[in-house]
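have a look; sequence and predicted model below, questions after that.
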Amino acid sequence: MQGDASARELLYASIYQELRRRAAGVLAGERPNHTLQPTALLHEAYLDLIRIRQIDWQSRGHFYAVAAKIMRQIVISHARARHADKRGGTMVRVELDAIRDPWVSPEPILLSLDSALDRLQSVSPRAYQLVEMKFFAGLSFEEAALALNVSSRTLKRDWEVARRWLAREIQDSEGECLE
């Protein structure tokens, strides 16, 4: 068992830079003053990854798929905490002149995406996994294809369908568009 633990440590050390690059990609679209930085996201994900004891790693893509799921959970948890009641709930600071409809308080797009992804999972599990792999771990179509055991061409079609489906779901629920 000790050999397995040292092999696991070598594996994590060898992919640290790749995971950090992917964590930076996840946070690239966030606001400039975001308090969650790529290294912090990577370290939180790493701590969760090393806690996984019983998993049959199938491939490098499988590892990144699990990392994507963990990064998603961390980013969403961070977004929810930021909007927690102790910090003013869903209240948003706006200038009075900018208020058009005082009864509408839009939810952050990331939380809307998370909710839409949960719905997508029941509609198309493969598309759900693909979005999670690409959006939250930065996997290429080729890497995701290996992890999901399908062609990258198939995943490109799935990506277009999922992207449009998510945009429609978010637009319907928030009145905004993801595309």
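Yep, that arrived. Numbers count the residues shown, from 1 in each chain.

which one's the longest helix in this structure?
Longest helix in the chain, counting residues (DSSP state H): helix 2-27.

give the buried residues for that one.
15, 19-20, 22-23, 25-27 (16 or more other C-beta atoms under 10 Å). All C-beta spots, glycine's among them, are computed from the backbone N, C-alpha and C.

any residues touching stretch 42-58, and which ones?
Applying C-beta atoms under 8 Å, 6 or more residues apart in numbering, the external contacts of stretch 42-58 come out as 8, 12, 16, 19-20, 23, 63, 66-67, 70-71, 73-74, 147.

repeat that for 7 Å
By C-beta atoms under 7 Å, 6 or more residues apart in numbering, the residues outside stretch 42-58 that reach it are 12, 19-20, 23, 63, 67, 70-71, 74.

on that earlier part again, out of the buried residues of helix 2-27, who's nearest residue 166?
residue 26 (16.2 Å; C-beta to C-beta).

any idea how far residue 113 is from that closest one?
Distance from residue 26 to residue 113, counting by C-beta to C-beta, to the nearest Å: 12 Å.

restrict the host helix or strand of residue 74 to CA atoms and write it as CSV.
Counting by DSSP states H and E, the element that carries residue 74 is helix 60-82. Only the C-alpha atoms of helix 60-82 are listed here, as CSV (Å, rounded to 0.1, in the frame of the first residue of the first chain):
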residue,chain,number,x,y,z
ARG,A,60,-5.6,10.5,-17.6
GLY,A,61,-8.8,11.8,-19.0
HIS,A,62,-10.8,10.1,-16.2
PHE,A,63,-8.5,11.8,-13.7
TYR,A,64,-9.1,15.2,-15.3
ALA,A,65,-12.9,14.5,-15.4
VAL,A,66,-12.9,13.9,-11.6
ALA,A,67,-10.7,17.0,-11.2
ALA,A,68,-13.3,19.0,-13.3
LYS,A,69,-16.1,17.9,-11.0
ILE,A,70,-14.2,18.8,-7.9
MET,A,71,-13.2,22.2,-9.3
ARG,A,72,-16.9,22.8,-10.3
GLN,A,73,-18.0,22.1,-6.7
ILE,A,74,-15.4,24.4,-5.3
VAL,A,75,-16.2,27.3,-7.7
ILE,A,76,-19.9,26.9,-7.1
SER,A,77,-19.5,26.7,-3.3
HIS,A,78,-17.4,29.8,-3.4
ALA,A,79,-20.0,31.7,-5.5
ARG,A,80,-22.7,30.6,-3.0
ALA,A,81,-20.7,31.7,0.0
ARG,A,82,-20.1,35.0,-1.6
